[in-house]
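> Take a look and give me a structure for this.
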Amino acid sequence: MSRELRDGARRAGLLVAAAWCLAPGVRAQQRPPPAPDRPEAQRARDAQRLDRAFLQSAAGHMRFQAQAARVVLGRSTSLAVLDLASDLASRHDQAEPELLRLLNARGMAFPMFTNDQVKALRDLKRLQGARLDRLFLEEVATRSAQADLAMLERAVTGAEDAQLRRFAQRQAELMREQLARSARTQPAPSATGRAGQRSL
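Below you'll find the model as predicted:
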């Protein structure tokens, strides 16, 4: 074999070897990207996240309202406030088993109190008389309940899970009744207020 033929064969072999080494990278570059998630699957995941967020918020509101009601039951002297607090605590006791089942089915538990809720509970434990009643009516029986109702009403139409929608529907009806009662309930007059009324 002539020298020119040998050189040509050597160059051809080098080219083949180089092509073989580069082939995996070329094949990797040519491999099509993974298919994006189907819209249905993405919507299902979004709906599950919304259901979990609703459950966590609902459980947090209900736990806070029940704990605040129990504090008031041991400290208030207003019959109207005591009656409202008793109903709040009773609502929690009746709803808790179903709420726990919904939470456990998703590997969830009752959330911890928020900083604002901890502060409100601490204030309820140190206040007395009309100031105690007013804080309970404003922060728990009205403000927290209004946020609770808005969330429940969204879940009635927006929750993915049918059991969750039914739970939200029942609790929304109870919360509307409670808010109507809260608007009619007034804290008992303070001792100074009663003294002032007698002196007139």
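> which is the next helix or strand following the longest helix along the chain?
Longest among the helix segments of the chain by residue count, using DSSP state H, is helix 39-73. The first helix or strand that comes after helix 39-73 along the chain, using DSSP states H and E, is helix 79-105.
> so what does the helix or strand following that following helix touch, helix or strand wise?
Following helix 79-105 in sequence order, the next helix or strand is helix 115-126 (DSSP H and E). In terms of contacts (3 or more Cβ pairs under 8 Å, 6 or more residues apart in numbering; DSSP states H and E), helix 115-126 is packed against helix 39-73, helix 129-135. Where you see a C-beta, it was placed from the backbone N, CA and C, and this is true even at glycine.
> Let's have those helices in JSON lines, adding mean pLDDT and distance to Ala105.
Shown next, in JSON lines, are these (pLDDT from 0 to 100; distance: least, Cβ to Cβ, whole Å):
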{"stretch": "helix 39-73", "mean pLDDT": "88", "distance to Ala105": "10"}
{"stretch": "helix 129-135", "mean pLDDT": "95", "distance to Ala105": "36"}
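> Which residues lie in contact with the residue nearest in space to the middle of the chain in this structure?
For the chain, the residue nearest the mean C-alpha position is Ser57 (2.6 Å; Cα atoms, centre = their mean). If a contact means Cβ atoms under 8 Å, 6 or more residues apart in numbering, then Ser57 has Met151 as its contacts.
> Distance check, it against Leu50.
In this view, Ser57 and Leu50 are 11 Å apart by Cβ to Cβ, to the nearest Å.
> again, but for Val118
Counting by Cβ to Cβ, the gap from Val118 to Leu50 is 27 Å.
> same thing with Ala58?
Taking Cβ to Cβ, one finds Ala58 at 12 Å from Leu50.
> the more surrounded of the two?
Ala58 (23 against 16; other Cβ atoms under 10 Å).
> Excluding sequence neighbours, find me the nearest residue to that one.
Met151 (6.4 Å; Cβ to Cβ, 6 or more residues apart in numbering).
> Distance of that neighbour relative to Ala168?
Between Met151 and Ala168 the distance is 8 Å, computed by Cβ to Cβ.
> Tell me where the model's unsure across this protein.
By pLDDT under 70, the low-scoring segments of the chain are 1-38, 188-200.
> name the element Arg181 belongs to?
Element membership of Arg181, judged by DSSP H and E, is helix 162-184.
> on contacts alone, who are the packing partners of that helix?
In terms of contacts (3+ Cβ pairs under 8 Å, 6+ apart), helix 162-184 is packed against helix 39-73, helix 79-105, helix 145-158.
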